[in-house]
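J.: using only what follows, build the 3D model:
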Amino acid sequence: MKRNLHLTSLAITGIILHMSVIAQLIPAHAVPAVKTSSTTSTSTTNAANTAGSQTTITGANVLQGVKAYGAKGDGSTDDTAAIQAAIDAAPANGNARIFLPQGTYLVTGTIFIKKDRVQIVGAGEYVTTILFLPIDNGNRQPVFLFSKAPSQTDIVQGAIRDIGFSSPKSNTVSKVAVQFVAGSNMMAENIAVYPWVGTPSNPSIGIVTQGHEDSSFRNLAISADLPISIENDPFMSMHYYADGTTSSMKLDADHFHFQDLYLIANNQPCISIADGVILSNVTFDGLQAWVKGTYGLYWNDTTTKSVGYSLAIHNARWEQGQLIPGKNSYGYMVYIHHNYVLQNLVLDNLYTGTNAGISLYKVNYVSLKNVMYAGTATALDLSNVDNISFNASFFQTGSSINIAPTVTGMSGTYEHGTKYFSFMPNVNITNPQENQ
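T.: Numbers count the residues shown, from 1 in each chain. Down below sits the predicted model:
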């Protein structure tokens, strides 16, 4: 006798932790203590947290407090120029930490980081707050832009951490909290973004990354129209490194790690990968809470002329999905349609019950493990997929599964309502073995 798991009774019905509540959970006294030695690079002194008056502390790392450059942190004085001055005062080779002590810093334009090894450090999410009120000009405006442009050299070992961002007013600009361009070994951690108001024509964005490699994004709580946007490196097919060497291989996202994300989207995907991105070894793991939005992860590639490799998504739950604007239809939790081919996709411990499930096109060597779909729309849509394995995956009764004849090499077992479908390795899916 087979069982029928009525997972709709388990579906999440809207209990989410509001971002303003998250901000309140961070105590105002949660200020890091600093050590200044040649062997450590953690935080700042308690005196700096309260006054921020010191200019520099010499050593292996240079620490510069923005208040020494005129920043007030009172929420009403425009601190854009003062923060920029503190960053510009870093040594030529970077190697500096720019500290924003407790306070609310009004910023009205983009702050540029063009030197290697510059870290922007706050006292904690919403202990240090950036209030972003940009001047309307119709263009995308990031708060912090890590880039050496117009130079095509990668910016190296930059970081931003322990800061909250707020922008409660809509603008004719597309606001971005943090943007990395052609970065190598970059990091964003302990970042909160809320509220971050945009418009349908100028959506707000949390984090934008435009290349290139070995970067980490962790412990991010972002409520924006589009929380995460992975985009093309603008330097296209040539990278110039500080040692004078070059690489002709275009890689827009190589060895990227996204860990512990709490994302709330609005009429946009929670995570978007742009058309034309070449991706290699990108991982989403830890806590992956995706809320609202038209898709969970969306990648509709129509232009790439080379193979993408190794995308892994672990421990993700998508809830409260929204209808696609202008269409009376829902998007998918994972939507990957590649122009050339993506090889090695791992989907592990995924759950959704609101919109549609998984849609794949031109993706080879796919592993679906512990994938649970509790809705009644399309659970699985596969076309031009080769070598896909199923393990302990369930798709609810009443949902549809669309598997085109172009799908080959299926193996493993999945459960669809009350029926099990098992496939021998390398057996064409047009001859499934159904176990009643």
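
J.: make it CA atoms for all contacts and neighbour counts henceforth
T.: Noted.

J.: which residues of the stretch 51-200 of the chain score low on pLDDT?
T.: Counting by pLDDT under 70, the stretch 51-200 of the chain shows low-confidence ranges at 51-61.

J.: where along it do the strands fall?
T.: Per DSSP state E, counting those that start in this stretch, the stretch 51-200 of the chain carries strands over the ranges 62-65, 74-78, 96-100, 103-107, 111-113, 118-122, 128-132, 140-146, 155-156, 159-167, 174-184, 187-196.

J.: in TSV, list these along with distance to Leu311.
T.: TSV is the format used below for the strands of the stretch 51-200 of the chain (distance: least, Cα to Cα, whole Å):
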stretch	distance to Leu311
strand 62-65	37
strand 74-78	41
strand 96-100	33
strand 103-107	36
strand 111-113	29
strand 118-122	28
strand 128-132	33
strand 140-146	25
strand 155-156	24
strand 159-167	24
strand 174-184	19
strand 187-196	19
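
J.: quick check: which of these is nearest to Asn281?
T.: Among those, the nearest to Asn281 by Cα to Cα is strand 174-184 (14.5 Å).

J.: re earlier: could you dump the strands of the stretch 51-200 of the chain to CSV with mean neighbour count and distance to Leu220?
T.: Converted to CSV, the strands of the stretch 51-200 of the chain look like this (neighbours: other Cα atoms under 10 Å; distance: least, Cα to Cα, whole Å):
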stretch, mean neighbour count, distance to Leu220
strand 62-65, 25, 24
strand 74-78, 15, 23
strand 96-100, 27, 19
strand 103-107, 23, 19
strand 111-113, 20, 20
strand 118-122, 25, 14
strand 128-132, 25, 15
strand 140-146, 22, 16
strand 155-156, 26, 21
strand 159-167, 23, 10
strand 174-184, 26, 12
strand 187-196, 24, 5
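
J.: mind checking which of the ones you listed is nearest Asp254?
T.: Within the strands of the stretch 51-200 of the chain, the stretch nearest Asp254 is strand 174-184; the backing value is 9.4 Å (Cα to Cα).

J.: what's the angle from the closest one to strand 187-196?
T.: Here the directions of strand 174-184 and strand 187-196 differ by 170 degrees (axes from the mean of the first three to the mean of the last three Cα atoms, to 10 degrees).

J.: list the helices and strands strand 174-184 packs on?
T.: In terms of contacts (3 or more Cα pairs under 8 Å, 6 or more residues apart in numbering; DSSP states H and E), strand 174-184 is packed against strand 140-146, strand 155-156, strand 205-223.

J.: the first one versus strand 205-223: what angle between them?
T.: Angle, strand 140-146 to strand 205-223, by the same axes, to 10 degrees: 90 degrees.

J.: in the stretch 301-436 of the chain, which spans are helices?
T.: For the stretch 301-436 of the chain, no helices are identified by DSSP state H, counting those that start in this stretch.

J.: so where's it uncertain?
T.: In the stretch 301-436 of the chain, residues with pLDDT under 70: 424-436.

J.: nearest spatial neighbour of Ala374, skipping sequence neighbours?
T.: Nearest residue to Ala374 in three dimensions, chain neighbours excluded: Gly353, at 4.2 Å (Cα to Cα, 6 or more residues apart in numbering).

J.: quick one: that neighbour and Gly321 touch, right?
T.: No: if you go by Cα atoms under 8 Å, Gly353 and Gly321 don't touch, sitting 9.0 Å apart.

J.: which one, of the strands of the stretch 51-200 of the chain, ends up nearest to Tyr298?
T.: For the strands of the stretch 51-200 of the chain, distance to Tyr298 was read as Cα to Cα. The smallest value, 18.9 Å, belongs to strand 174-184.

J.: Asn391 - how many residues pack around it?
T.: Neighbours of Asn391 under the rule other Cα atoms under 10 Å: 16.

J.: separation between it and Phe165?
T.: Applying Cα to Cα, to the nearest Å, the value for Asn391 to Phe165 is 41 Å.

J.: do Ala89 as well
T.: From Ala89 to Phe165 the distance is 24 Å (Cα to Cα).

J.: could you measure from Ala92 over to Val118?
T.: Distance from Ala92 to Val118, by Cα to Cα: 10 Å.

J.: again with Ser166
T.: Here Ser166 is placed at a distance of 23 Å from Val118 (Cα to Cα).

J.: do the same with Ser389
T.: 44 Å.

J.: output the contacting helices and strands for the longest helix seen in the chain.
T.: In the chain, taking DSSP state H as the definition, the longest helix is helix 80-88. The helices and strands touching helix 80-88, judged by 3+ Cα pairs under 8 Å, 6+ apart, are strand 111-113.

J.: partners of the strand it packs on in the sheet?
T.: strand 140-146 (parallel) (DSSP bridges).

J.: the partner strand to strand 103-107, inter-axis angle?
T.: Angle of strand 140-146 versus strand 103-107, following the same axes, to 10 degrees, is 120 degrees.

J.: what does strand 140-146 contact?
T.: The contact list for strand 140-146, computed with Cα atoms under 8 Å, 6 or more residues apart in numbering, reads 107, 109-114, 132, 134, 155, 158, 173-181, 183.

J.: what about 6 Å?
T.: The contact list for strand 140-146, computed with Cα atoms under 6 Å, 6 or more residues apart in numbering, reads Thr110, Ile111, Phe112, Ile113, Val173, Ser174, Lys175, Val176, Ala177, Val178, Gln179, Phe180.

J.: now those residues in TSV, with distance to Asn202?
T.: As requested, those are exported to TSV (distance: Cα to Cα, whole Å):
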residue	distance to Asn202
Thr110	17
Ile111	20
Phe112	22
Ile113	24
Val173	6
Ser174	5
Lys175	8
Val176	11
Ala177	14
Val178	16
Gln179	16
Phe180	19
